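> take this sequence and fold it.
(one chain, ligands or ions: 1)
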Amino acid sequence: MKSPRFITFFLISLIIFSCSTVPLTNRKQLAMIPQSELLAMSFAQYDAFLDSTHLSSNQEQVEMVKRVGRNIEGAVVQYLFDNNYAQLLEGFNWEFNLVEDNQANAWCMPGGKVVVYTGILPITQDENGLAVVMGHEIAHAIADHGNERMSQGMLQQYGGVALSVALQNQPAETQSLWMMAYGVGSYYGALLPYSRLHESEADHLGLIFMSIAGYNPEASISFWQRMAAASGGQSPPEFMSTHPSNDTRISNLQKWMPEALKYYNKNDGGSSGNKSGGSGTGSSGDPKKVKIGG
Ligand SMILES: [Zn+2]
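Numbers count the residues shown, from 1 in each chain. Sure thing, here's the model as predicted:
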């Protein structure tokens, strides 16, 4: 029989070796699910979701979602390579789809599998607004928030010891944890809203990613104001009540804005080429009028 001391040692080792670090914020997090397992589940669930839903046939909007997605993908790849986090992108297979659905929602599953719902487009209004949403959702995936939620769920459910058992021999339990962590809207029901910590982190990373991609980060403030006005009591799971209060969110965005604008203004001179795409559909964003550090 194993001694309690051995089990404690095993548990502590498991947890220590299951820690990773979130890019940009450098927060240590629990991430017990191997990337290969996560991606396999993600790709299967993503395809199943797409089979169960209607893709938008509005070519202009579909192209916009793919264009903004690819630009943010480029920014994420650049940021992670520049900051020695390239390994986080292993096995990624980016995809950006627009589905016909009235919910004001969007999400990104592990490996860069993004869905935007048509119902959020009236709130995003233009490509800068869409970049806020897609940057935020992609940031949740890059910061591995789903893995962290699944790992916390596993610790609660199995005490951490039976990770491999849970993954290999109890597919139903693993599946239900997956659904809790990643469930996609009303289709699956039981989605846990992200915590405030995760939301703030996604706001911060998303702001930097959109700025590197050439989209005006100041659009984030007006987007979240429109989102708050539009979602009175009817928020979809990803935008539910554990989000930071709108005031907190906006004061955080303002705090990070000088950092974001440095990345955004670096794009001047046309090296990235996304800036015209970012502001070309009705945005009034003009980086020259921006007051840095105010
Ligand atoms: Zn979020």
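> OK, contacts around Trp178?
Met41, Gln45, Met150 (Cβ atoms under 8 Å, 6 or more residues apart in numbering). In short, each C-beta sits where N, CA and C put it, glycine included.
> name the SS class of the last one, please.
Right, the one you point to is Met150. helix (DSSP: H, G, I helix; E, B strand; the rest coil).
> need the residues that contact the longest helix along the chain.
If you go by DSSP state H, the chain has its longest helix at helix 59-82. Helix 59-82 is contacted from outside by 23-24, 55-56, 85-86, 88-89, 94, 96-98, 112, 114, 116, 118, 121, 127, 130-131, 134-135, 138, 142, 208-215, 274, 277-278, 281, using Cβ under 8 Å, 6+ apart.
> next structured bit after it?
Helices and strands here follow DSSP states H and E; after helix 59-82, the next one along the chain is strand 95-99.
> buried sites along the following helix or strand past that next one?
Next in sequence after strand 95-99, counting helices and strands by DSSP H and E, comes strand 106-109. Buried residues in strand 106-109, counting neighbours by 16 or more other Cβ atoms under 10 Å, are found at Ala106, Trp107, Cys108, Met109.
> how far away is Asp247 from the ion?
Noted for Asp247: a distance of 17 Å to the ion, by Cβ to the ion, to the nearest Å.
> for that residue, helix, strand, or coil?
When classified by three-state DSSP, Asp247 comes out as helix.
> that one and Glu218, how far apart?
Taking Cβ to Cβ, to the nearest Å as the measure, Asp247 falls 17 Å from Glu218.
> higher neighbour count, the two?
Glu218 (24 against 9; other Cβ atoms under 10 Å).
> didn't the more buried one look like it was pressed against Met257?
Yes - taking contacts as Cβ atoms under 8 Å, Glu218 lies within contact range of Met257: 6.9 Å.
> of all the buried residues of strand 106-109, which comes closest to Met32?
Nearest to Met32 among the buried residues of strand 106-109, counting by Cβ to Cβ, is Met109 at 17.7 Å.
> ignoring the adjacent residues along the chain, who's closest to that closest one?
Ser42 (4.4 Å; Cβ to Cβ, 6 or more residues apart in numbering).
> for that neighbour, phi and psi?
Per-residue torsions, Ser42: phi -60, psi -50 (degrees, to the nearest 10).
> and for Val114?
According to degrees, to the nearest 10, Val114 has phi -110, psi 140.
> relative to Thr124, how far out is it?
In this view, Val114 and Thr124 are 14 Å apart by Cβ to Cβ.
> picking that back up, out of the buried residues of strand 106-109, the closest to Ser18 would be?
Met109 (20.4 Å).
> is it true that the closest one touches His145?
No - counting by Cβ under 8 Å, Met109 does not reach His145; the two are 11.1 Å apart.
> output the below-cut-off pLDDT ranges for the stretch 151-294 of the chain.
For the stretch 151-294 of the chain, the stretches flagged by pLDDT under 70 are 157-175, 179-180, 183-193, 231-244, 268-294.
> for it, what lies in contact range of the ion?
By the rule Cβ under 5 Å from the ion, the part of the stretch 151-294 of the chain lying against the ion is Tyr194, Glu199, Ala202.
> what number of residues lie near the closest residue to the last one other than its chain neighbours?
It stands for Ala202. Spatially, and ignoring its direct neighbours in sequence, Ala202 is nearest to Ala139 (4.2 Å; Cβ to Cβ, 6+ apart). Number of residues near Ala139 (other Cβ under 10 Å) recorded here: 28.
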